[in-house]
Structure formats: C-alpha cells, structure tokens
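*Asks:* Predicted model, plus sequence, below.
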Amino acid sequence: MNRPNEMKEKGVALILALLLVLATTVIAVSLATVSRTEAFSSMNYRLTSQSRDAAEAGVHKTANFLMNSYTKPGGAGNLVASYGTTTSPVTSNGNPVILSASSKVHSNYPISTDQTSFNSAAQGSVTAGTTTVNYAASAQLLSMQQVTPYGSTNPVTIQTWAITSDGSVSGMQNADVEVTSTLEQQVTPVFTYAAFADDNGCSALTFGGGGTTDSYDSSNITYSGGNVVTQTYDGNVGTNGNLSTAGNPTTINGNLSTPRTGVGSCTANNVTAWTDSSGHVTGSIVELPQAVTYPTPVIPAPGSTNEGINSAITLPPGSYGDITLNGHGVLTLEPNCPAPPAVPSASNCTAGVYDINSISESGANTSIVIAPIPGTSPAVYLPVILNIAGVNNSSPVTLTGNSVQNPSLNPMDFQMLYAGTGTISLKGGSQASGLLYAPNASFSFGGHGDWFGAVIGADLTDMGGAAIHYDRRLASTAFMVGPYTLGSFSWKKY
C-alpha cells in the first residue's frame, strides 16, 4: 500500500470541498443580495408610484377647488384692478399671488377666507394598503383678465394657474414626488365660420340652388362695378353633424369642419361628414376632436308695446314687444346717444340695445336700416343689438322683405341674439350685413342675395342660392370663454 499518496489525495479532496463550499456560499450570498436589491427596488418603485398618485390627487383637488369653490376677483372687495396683471405671474402688493397648503411654499393671497378654504381643500392623505400617503399643493396665479363674453353684459374673470403638488410617504424608506400642471381658461372667437350648425344629424347644413360661401375684410372693403370684392377662401362652414350640398354651382369656398367622418350617404345610424350631389368644397374636411358647444345667450325680458310699422320710423333703443313691418315700412335702428343739447359722438354714445319679442319684415318696400351716430362725417357706427325673446312665437325673426341695410358692412354693427328653438328666415341684399347668434334655432336663407357676416344656429338651410360672405375681421372681435383645461403635466422625484 502506498499510504503517502493516499494522504495527498485526501488533502486535495478536502481543499476542493472547501472551495466548493466557498463558491456555494458566495453564490448564496449573491442571490440573497440580488433578492434584497430587487425587493428594495420594487418597494422604491411602489412608494414612488404611490407618492406620484398622491401628488396628482393634490393637483386634481386643487383644480376642483379653483373651478368650483373659489370666488374669482372681480366683485366688490376683490377688484381685478387691485392686482398687478401686466406681468406674469400676477402680483398682489408687489409679490406673486399664491394660494398654498404646502409648508414648502409661502402663501400670498389678499382674501384670507379663500386662503383658509384652499388650505383645507388642497392637502390631505390617502391610504394605500398599510401605507399612508400625504399630499399638499400650492397654486400660483400666472395671468388674469376680464372679458365680456358674446351675448352677455356681465364681465367674466379668466385665469391661468400653475399648480404644484407634493406627494410623500414617510417610514423606513421615504419617497417624495412633485407634480406640476397648468389650469387655464382661454378666450376663443365666437364667429370662426361663415355658418355653423350645432345639430349632430344628417343635413344639419344644407346648401343648394347655387348657394355659396367666401370671405371679405370689413376693415378693408374694395368694390368693383358697385359690388364688394370677395375672396374665394376662408368661407369655412362647420357642423356637429352632416353637410349636404346639391345643385351646381353650389360651392363652399373653404373647409368643412365636423367631428363626423366619411363622404357619402347619411343615415341616422351612420352620420357622415358630407353628402354631395353636385356641390363643391374647395378646402379640406377638418375632423373636429369633439362637438362644438355654443352657450345659450341670456335674453332680457321684452317690452309689452307692439309696433306695427308701414312708413318710415326711427325707434330709439329700448324694450318692445312684436315689431312688424309691412307696406312701405322702413325701420331705422340707432345707437344710444344723449338727448340735445348734447352733441352725439363716439365718446358719449353707446351700443343701441333693443329687447324685443319678435321682428317681422316682409314686402319689397320694407327694410331695416342701421343708422350711424347722428352728425358724424364720415359716418361712425356703433353696434345695434336685437335681443329677441320669441315668447309664444315660433317664428321670432322673419326678414324676407328688402332685408337689412347696414352700410358699414361691418356685421358687428347689427347683431341678433335668440335663445329659443323657433324658425328664423333671412334674406340677403347688397348691404345685408349682420350676425345671427341662435344656437338652438332653425334658420334659412333665400332670395339669391348676399349676407355679409356669419350665422350660428341649430341647423341651416340655404336652398335659395344666397351667398354668405364671412368677415375675416370677426376672428378678433367677438369672443366666448372656453372650458377649463388641465395640462402641461411634469413630475420629478426627490
């Protein structure tokens, strides 16, 4: 027997066994470390996600407060004029305006009750399993202005807020996340189309018999052969439903905007964007992201005195019942100017507002004339506004005689507002210029005439070959306040 060699082999085996044990131990420790790292990573991700969710909850709680519970400046005791609004952010007493429920941000708001309410609304905690997640937010006022929406006499304050919200989890591992967003309301033009119909069904807009749309600029009118020179673009039309065109040379010189899609047959179960027989849309079909909603105007109560007019007459601004023109009736509407001995001027005259129940004008010798400020040369016009109540009257507006004579061809100088669902009939003419804002009404054009301006209603029919000339100037002269939008999200982890 060779015992020395045998002992040597046993020694080598022992060393190899020890090395294997060591390697196994290293692998086991590595696996435990990886497992622990993965556990901490998962926990960190979970806590970060929970903190971010809490921070976003703070953003939404703040937005909800600002939209529904907060009283904007503009009333007595909190005037817009007391803020610095010419710079961003808006200031109060020289410092940025801030509502804060966060210990990290110092508040600066002149109305203490609003700050107290915000402090309660914009902080709190959320239970997530066995974890409690906290949030606290602040809001800085970036911009503020007052506008008077079209169809209203009451100014509205619109604001843009930058919202910052912190979400945090405290415990064995801390997680802090900050989320920022912007809450704003925007002012948008009311009359962006030559015609808009907010019905969502088939033939909401119907053009035929050679009816057309195009555009002009009332601040720079040119004539050729006694006729206004118009341009074959920007005569855009829009609807929440379908456009139907028929009869050459019916032409929409612009785009068709609608949330509907497809060209072809329209049915109640398949409302297409455009049904065409022989008309033309020179532009594109623009797919709207959603239906357009026009707010219903607030119409004052009409007067009780009816006016039957069969000769030339001037009615001063005021309240009237039903106004009817027939025979040789010529009605002059004028701005609101002071009585003699004052000399009327643009500085002491205001818009002429007529609160009426209905107006009807028919017959070749009847017309409505929009008058300038008396004595001005060249003529200076101010808006004439008809607020039409239409009480117990299914046809509150019928202008089918010699139509409207608005020599300025500025549609803002003759405005008709109606909140009801009745029928409106219009006829164009060489000086027929105005705005019709009746988002719930059905209206029609006839007479192969011209209408300079824009119209908004529930549905429109132009089968009489009338031409609607959109005034491009309207894109910067009449506005409405859009809905709140919450956007520009960003976040970071501490």
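*Replies:* Great, that's in hand. Residues are numbered from 1 along each chain as shown.
*Asks:* Going by C-alpha atoms from here, please, whenever you check contacts or count neighbours.
*Replies:* Noted.
*Asks:* Would you map out the domains in the protein?
*Replies:* In terms of domains, the chain is parsed into 40-188+482-493, 192-477 (source: automatic domain parsing).
*Asks:* C-terminal to the lowest-mean-pLDDT helix or strand in the chain, what's the next element?
*Replies:* In the chain, no helix or strand scores lower on mean pLDDT, DSSP states H and E than helix 3-68, which sits at a mean of 74. As assigned by DSSP states H and E, the chain's next helix or strand after helix 3-68 is strand 91-92.
*Asks:* Show me the contact partners of that following strand.
*Replies:* For strand 91-92, the external contacting residues (CA atoms under 8 Å, 6 or more residues apart in numbering) are 82, 83, 84, 85, 97, 108, 109, 110.
*Asks:* Considering these, which possesses the most neighbours?
*Replies:* residue 97 (23 neighbours; other CA atoms under 10 Å).
*Asks:* quick one: it and residue 140 touch, right?
*Replies:* Yes: in this structure, residue 97 is within contact of residue 140 by CA atoms under 8 Å, at 5.9 Å.
*Asks:* Nearest residue to residue 235 in space, please, no chain neighbours.
*Replies:* Leaving aside its sequence neighbours, residue 235 sits nearest to residue 214 (CA to CA, 6 or more residues apart in numbering; 3.8 Å).
*Asks:* how much space is there between the one you found and residue 93?
*Replies:* As defined by CA to CA, to the nearest Å, residue 214 lies at a distance of 51 Å from residue 93.
*Asks:* before we move on, what about residue 296?
*Replies:* For residue 296, the distance to residue 93 - CA to CA - is 39 Å.
*Asks:* just residue 177 next, same as before
*Replies:* From residue 177 across to residue 93, the span is 32 Å (CA to CA).
*Asks:* ok, now residue 318?
*Replies:* Going from residue 318 to residue 93 by CA to CA gives 43 Å.
*Asks:* sorry, back to before: name the residues contacting each of residue 97 and residue 140.
*Replies:* By the contact definition CA under 8 Å, 6+ apart, residue 97 and residue 140 are jointly contacted by residue 89.
*Asks:* As a check, name the ranges of all helices in the protein.
*Replies:* 3-68, 112-121 (DSSP state H).
*Asks:* Wait, residue 100 touches residue 119, no?
*Replies:* Yes: judged on CA under 8 Å, residue 100 makes contact with residue 119 at a distance of 6.4 Å.
*Asks:* sorry, back to before: which of residue 296 and residue 93 has more neighbours?
*Replies:* Per other CA under 10 Å, whichever of residue 296 and residue 93 has more neighbours is residue 296, with 15 against 12.
*Asks:* residues contacting the residue nearest to the more buried one when sequence neighbours are not counted?
*Replies:* Nearest non-adjacent residue to residue 296, counting by CA to CA, 6+ apart: residue 419, 5.7 Å away. Listed by CA under 8 Å, 6+ apart, the contact partners of residue 419 are 296, 297, 298, 299, 388, 389, 438, 439, 440, 441.
*Asks:* Quick check: strands, which of those residues are part of them?
*Replies:* Among those, the residues falling in strands (DSSP state E) are 388, 438, 439, 440, 441.
*Asks:* Dump these into CSV; add pLDDT as well.
*Replies:* Shown next, in CSV, are those (pLDDT from 0 to 100):
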residue, pLDDT
388, 98
438, 97
439, 96
440, 97
441, 97
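*Asks:* low-confidence ranges in the chain?
*Replies:* 1-11, 28-45, 171-173 (pLDDT under 70).
*Asks:* re earlier: rebuild the domains of the chain as TSV, extending it with distance to residue 20.
*Replies:* Putting these into TSV (distance: least, CA to CA, whole Å) gives the following:
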stretch	distance to residue 20
domain 40-188+482-493	30
domain 192-477	68
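*Asks:* With respect to burial, which of these scores highest?
*Replies:* Comparing those by mean neighbour count (mean count of other CA atoms under 10 Å), domain 192-477 comes out on top with a mean of 20.
*Asks:* Summarise which helices and strands the longest strand along the chain is packed against.
*Replies:* When every strand of the chain is counted residue by residue (DSSP E), the longest turns out to be strand 131-147. When contacts are defined as 3 or more CA pairs under 8 Å, 6 or more residues apart in numbering; DSSP states H and E, strand 131-147 packs onto helix 3-68, strand 98-100, strand 123-128, strand 156-169.
*Asks:* So what pairs up with the residue lying closest to residue 313 once chain neighbours are set aside in the strands?
*Replies:* Spatial nearest neighbour of residue 313, chain neighbours left out: residue 331 (5.3 Å); criterion: CA to CA, 6+ apart. As for beta bridges, residue 331 partners with residue 313, residue 368 under DSSP bridges.
*Asks:* Can you tell me how far residue 331 is from residue 309?
*Replies:* Applying CA to CA to residue 331 and residue 309 gives a distance of 7 Å.
*Asks:* Now do the shared contacts for these two.
*Replies:* Counting by CA under 8 Å, 6+ apart, the residues touching both residue 331 and residue 309 are residue 325.
*Asks:* one step back: right, and the residue nearest to residue 235 touches residue 233 too?
*Replies:* Yes: here residue 214 lies in contact with residue 233, judged by CA under 8 Å, at a distance of 5.6 Å.
*Asks:* Overlap in contacts, these two.
*Replies:* Here residue 214 and residue 233 have 253, 254 as joint contacts, going by CA under 8 Å, 6+ apart.
*Asks:* List the residues that contact the residue nearest to residue 239 when sequence neighbours are not counted.
*Replies:* Distances taken as CA to CA, 6+ apart put residue 197 closest to residue 239, at 4.6 Å, once the chain neighbours are dropped. By CA under 8 Å, 6+ apart, residue 197 lies in contact with 204, 205, 238, 239, 240, 241, 439, 456, 457, 458, 459, 460.
*Asks:* What distance do you get for the fourth one to residue 455?
*Replies:* Read that as residue 239. 12 Å.
*Asks:* contacting residues for residue 102?
*Replies:* With CA under 8 Å, 6+ apart, residue 102 has these contacts: 123, 136, 137, 138, 166.
*Asks:* pretty sure the fourth one contacts residue 104?
*Replies:* Read it as residue 138. No: counting by CA under 8 Å, residue 138 sits too far from residue 104 to count as a contact (9.1 Å).
*Asks:* who touches both of the two?
*Replies:* Common contacts of residue 138 and residue 104 (CA under 8 Å, 6+ apart): none found.
*Asks:* list the contacts for residue 237?
*Replies:* By CA under 8 Å, 6+ apart, residue 237 lies in contact with 193, 194, 195, 196, 252, 254, 255, 256, 257.
*Asks:* before we move on, what about residue 424?
*Replies:* Shown in contact with residue 424 (CA under 8 Å, 6+ apart): 395, 396, 397, 398, 441, 442, 443, 444.
*Asks:* Kindly report the same for residue 217.
*Replies:* Residue 217 sits next to 471, 472, 473 when contact means CA under 8 Å, 6+ apart.
*Asks:* Find the nearest non-adjacent residue to the spatially most central residue of the chain, please.
*Replies:* With distances taken as CA atoms, centre = their mean, residue 482 lies nearest the centre of the chain, 2.9 Å away. Counting by CA to CA, 6+ apart, residue 482 lies nearest to residue 186, which is 5.4 Å off, once chain neighbours are set aside.
*Asks:* surely the one you found meets residue 479?
*Replies:* No: in this structure, residue 186 is not within contact of residue 479 by CA under 8 Å, at 9.9 Å.
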